[in-house]
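Engineer: Predicted structure and sequence below. I'll ask about it afterward.
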Amino acid sequence: MMAERGAGEVPGSGFVADAEGVRWSFAGALTYANAGAVLAAARALPLPASGEVDLVRIGAVDSATVAVLLALKRRASDEGRPLAFVNVPAALDALSELYGVEEIVAA
């Protein structure tokens with residue numbers, strides 16, 4: 001599922017932190033089938049220092065993707081940290097708009 005390897009990698013999660021922990025990226029599908037495991041693995045990583053999660057390599061998405069991203073935003077808020085998703089694909093933009101959370105996913 002993950003195409004890149006790094007020091008902050010959580011096996012099977014899809015989220016990867018760069019070596020300095022500055023930025024996360026996501027590679028692969030994030031759907032109902034793996035959302036629980038992805039979210040659990042993300043909890044094992046410290047939030048990215050830059051507050052950015054790059055979604056340029058995200059694959060298939062569904063409503064569970066939106067739920068995972070909202071959970072990450074809630075975590076960041078609870079920790080008093082900023083968190084923004086960059087390079088959000090059109091399909092995810094459309095889903096977040098459908099659910100009325102586009103400002104949370106895009107910001």
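Structural biologist: Okay, I see it.
Engineer: list the buried ones in the longest strand along the chain?
Structural biologist: Determined from DSSP state E, the single longest strand within the chain is strand 52-61. For strand 52-61, burial by neighbour count (16 or more other CB atoms under 10 Å) applies to Glu52, Val53, Asp54, Leu55, Arg57, Ile58, Val61. (C-beta placed from N, C-alpha, C; glycine too.)
Engineer: CA atoms only for that strand, dumped as CSV, please.
Structural biologist: Taking C-alpha atoms only, strand 52-61 is exported to CSV below (Å, rounded to 0.1, in the frame of the first residue of the first chain):
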residue,chain,number,x,y,z
GLU,A,52,0.8,19.6,6.4
VAL,A,53,-0.5,16.3,5.1
ASP,A,54,0.1,15.9,1.3
LEU,A,55,-2.6,13.9,-0.4
VAL,A,56,-1.1,14.0,-3.9
ARG,A,57,-0.6,10.2,-4.0
ILE,A,58,-3.9,9.2,-2.4
GLY,A,59,-5.7,6.6,-4.4
ALA,A,60,-9.4,5.6,-4.1
VAL,A,61,-11.4,7.6,-1.7
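Engineer: Provide the contact partners of that strand at residue level.
Structural biologist: The contact list for strand 52-61 (CB atoms under 8 Å, 6 or more residues apart in numbering) reads 3, 15, 23-31, 65, 72, 83-89, 91-92, 95.
Engineer: Beyond it, next helix or strand please.
Structural biologist: Sequence order places helix 63-78 as the next helix or strand after strand 52-61, per DSSP states H and E.
Engineer: what angle sits between that next one and strand 52-61?
Structural biologist: 160 degrees (axes from the mean of the first three to the mean of the last three CA atoms, to 10 degrees).
Engineer: packing partners for the helix or strand of the chain with the lowest mean pLDDT?
Structural biologist: Lowest on mean pLDDT, DSSP states H and E among the helices and strands of the chain sits helix 102-106, with a mean of 85. Under the contact criterion of 3 or more CB pairs under 8 Å, 6 or more residues apart in numbering; DSSP states H and E, helix 102-106 touches helix 63-78, helix 90-98.
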